[in-house]
Structure formats: C-alpha cells, structure tokens
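Participant: mind folding the following:
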Amino acid sequence: MPTIYDHSQPKVHNLPKGFDLPTPTHGNFELRPSYITLVERNQFVGLPNEDPGKHMEIFTDYCCSIPVPVGVTQDVVKEMMFLFSLKDSAREWYRYLDKVAVGVTDWTSLALAFYKIYYLPAKTNALRGQITNFHQGPDEESVDESV
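Facilitator: So this is what the prediction gives:
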C-alpha cells in the first residue's frame, strides 16, 4: 500500500518533456552555446509594451549572422533558435504550442503563429492611427519646397 510519502513524489509523466528541434534535412548544423547566448540578448517576454515586430527583426539579424553549412537554410536556424529568444510567458506559449493544431510546419508558419498571438489588432490599429493622424509638432518648422 502506497504511503503519503509515495504520493508526494514526482512521477515520470509529470516531468517536463522539453521541445522538439527541427533537424536539417541536408548538412550538419551544430547548435553552439555562443549562438544561444547571442539570441538570448534580446528576449521577448510578451508584455503589452513590447514590439513583436522589433523582436523578430533583431532575432532575424542575429540568426543571419550565424554561419551555416551548405544544405542548411537560415529558416532552419531561426526555427531552432526561436525558443531561446523567448522568456517567461512567451516561452510558455511556445512550449505548449500545439504545432499540429495551429499548422506550424516551418519557420514561416511559426513566425505567423507568434504574430497572431503577440501582434494584437489593437496595436496595429493604434499604429495605423498614429500614421493617419500625423501632424506637424509646435516646435517643428515647415519646409517651403517652392523655393
């Protein structure tokens, strides 16, 4: 008969499962700690004031600076490195992402899934409003182009 101590011990099915990295179909790519450190310089948490577009821009720049052997695409590198660019709630989102249900099959579909969660319509509308309501500030001079 199990004791209270036995019931309080973690079970194998409760252990974290980790995540599946894509494997390059051609070529051999080594995921070096220095690459991970590079990407971890700009981690996205998922806070409302963070810009997911800027995060993806910086992340892409970092990934494109990683040398890849012939036969390995930059998209595979991005897909492998993406988890390391996330932190806290964004990392949890990635860990529990049901790739099959969402239709994530490659880097492009993963990036779109990220944008759907973190690039909210309200943020897009606010940015669109800033563009359409653009006006000259009180301390800015107008330029007369007819001269």
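Participant: any idea how far residue 54 is from the nearest residue to residue 40 once chain neighbours are set aside?
Facilitator: Closest residue in space to residue 40, ignoring its immediate chain neighbours: residue 84 at 5.6 Å, by C-beta to C-beta, 6 or more residues apart in numbering. C-betas here are computed from N, CA, C, even on glycine. Per C-beta to C-beta, to the nearest Å, residue 84 is found 17 Å from residue 54.
Participant: quick one: which of those two has more around it?
Facilitator: Using other C-beta atoms under 10 Å, the more surrounded residue of residue 84 and residue 54 is residue 84, with 18 against 11.
Participant: pull the contacting residues for the more buried one.
Facilitator: Contact partners of residue 84, counting by C-beta atoms under 8 Å, 6 or more residues apart in numbering, are 36, 39-40, 43.
Participant: out of the residues you listed, grab the one that's most surrounded.
Facilitator: residue 39 (22 neighbours).
Participant: let me see the ranges of the helices in the chain.
Facilitator: 4-8, 33-39, 52-64, 74-81, 88-95, 99-102, 107-118, 121-132 (DSSP state H).
Participant: in CSV, list the ones you listed along with distance to residue 139 and mean pLDDT.
Facilitator: Below are the helices of the chain laid out as CSV (distance: least, C-beta to C-beta, whole Å; pLDDT from 0 to 100):
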stretch, distance to residue 139, mean pLDDT
helix 4-8, 66, 69
helix 33-39, 40, 91
helix 52-64, 27, 92
helix 74-81, 42, 90
helix 88-95, 38, 93
helix 99-102, 48, 88
helix 107-118, 35, 92
helix 121-132, 18, 71
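Participant: same list (those) but as TSV, adding distance to residue 138.
Facilitator: As requested, those are arranged in TSV below (distance: least, C-beta to C-beta, whole Å):
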stretch	distance to residue 138
helix 4-8	67
helix 33-39	42
helix 52-64	28
helix 74-81	44
helix 88-95	39
helix 99-102	47
helix 107-118	35
helix 121-132	17
